[in-house]
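Q: requesting a structural model of the entry that follows:
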Amino acid sequence: MPDSVALWPGAADSPVILHVPHSSRVIPAAVRGDIVLDDQALVRELDHITDAHTAQLAATAAALAATRPWQFVNRLSRLVIDPERFPDEREEMLAVGMGAVYTRTTHRDLLRDKDFDPVLLLDSYFRPYARAMTDVVADRLLATGRAVIIDVHSYPTERLPYELHGDGDRPSICLGVDDFHTPAELKAYAAEAFAEFGGVGINSPFAGTYVPLDCYGIDPRVSALMVEIRRDTYMTEPGGPPGPGLEPLADALATLVDKLS
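A: Next up, the predicted model:
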């Protein structure tokens, strides 16, 4: 397991993996040197881009669940690499400089020089992360015959300039689904679990979910769902402390986990 990842084992018979890719603000010094923002601007960018407190939410849900899920948590900021992007031209966010390695900020300002070469970051961080997640999924398949990835995210109440599809609904809970990897039952369980939070939407303003590329579109034993939580439901925006909404959301996530275990 690479140092950039924290893996918290769950129950031996649990197929559920809570994946938390965007909760950290940590940027290694060597990576910081390639970011052109000054310290104050970088703090502001981290406030906007980080899915704050989602690791805490997942950990609380795991503790509440009757069958403890596995937790796979990125220890580094998505400004190092974004493990959920395609690492090639398939990634639509390249249009705004936010592929697997970001060159632009949430407000489309320059983050890294235009001639920056992402190869070292991809080799050092992106590919080891992908291999580690693939191994965890393979382990759950071997142990239980299936794997269920619940991708835990949050998103801002107000649209940010980088969003390609931000003109749609912004419900309290957005469920990102995939035609191949999100069965109707999984979507229904999630909609029921989060029904009390003021509205559940599908694929708006963010769509799809994370599946390791070795399984993507290939292995139906791997199911997945993205849970995007609008930040005003549980924290002060941008980048502020959690509020009283975090515990009920964690309880709802635990309810979903137990439905899937």
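Q: centre of the protein to the edge, which residue is at the far end?
A: Asp115 (27.7 Å; CA atoms, centre = their mean).
Q: spit out the contact partners of Val20.
A: 51, 54-55, 58, 71-74, 152 (CB atoms under 8 Å, 6 or more residues apart in numbering). The way it works is simple: take the backbone N, C-alpha and C, and place the C-beta from them, glycine included.
Q: try it again with 10 Å
A: 6, 51, 54-59, 71-74, 150-153 (CB atoms under 10 Å, 6 or more residues apart in numbering).
Q: got phi/psi on it?
A: With angles defined as degrees, to the nearest 10, Val20 sits at phi -120, psi 90.
Q: so which of the contacts of Val20 is the closest to Asp123?
A: Asn74 (16.9 Å; CB to CB).
Q: correct me, but that closest one touches Arg25?
A: No - judged on CB atoms under 10 Å, Asn74 makes no contact with Arg25 at a distance of 11.1 Å.
Q: show me the contacts of Val20 that map onto strands.
A: 6, 71-74, 150-153 (DSSP state E).
Q: need those residues in CSV with pLDDT and neighbour count, can you?
A: Converted to CSV, those look like this (pLDDT from 0 to 100; neighbours: other CB atoms under 10 Å):
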residue, pLDDT, neighbour count
Ala6, 98, 15
Gln71, 98, 22
Phe72, 98, 24
Val73, 98, 20
Asn74, 98, 26
Ile150, 98, 25
Asp151, 98, 23
Val152, 98, 24
His153, 98, 21
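Q: could I get those as TSV with distance to Arg104?
A: Converted to TSV, the ones in strands among the contacts of Val20 look like this (distance: CB to CB, whole Å):
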residue	distance to Arg104
Ala6	28
Gln71	30
Phe72	27
Val73	26
Asn74	20
Ile150	29
Asp151	23
Val152	25
His153	20
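Q: between the residues you listed, which is closest to Met98?
A: His153 (14.6 Å).
Q: the closest one: what's it in contact with?
A: 19-23, 51, 54, 84, 174, 176, 206, 209-210, 226-229.
Q: so what pairs up with it in the strands?
A: Beta-bridge pairing of His153, defined through DSSP bridges, involves Glu228.
Q: sorry, back to before: please give the element, helix or strand, for the residue farthest from the centre of the chain.
A: Following DSSP states H and E, one finds Asp115 outside all helices and strands.
Q: which ones among the contacts of His153 lie within helices?
A: Thr54 (DSSP state H).
Q: where do the helices sit along this protein?
A: Going by DSSP H, the chain shows helices at 29-32, 39-49, 54-64, 119-121, 127-144, 184-193, 246-260.
Q: closest one to Pro2 among the ones you listed?
A: That would be helix 127-144 among the helices of the chain, by CB to CB, at 4.1 Å.
Q: perfect, that will be all.
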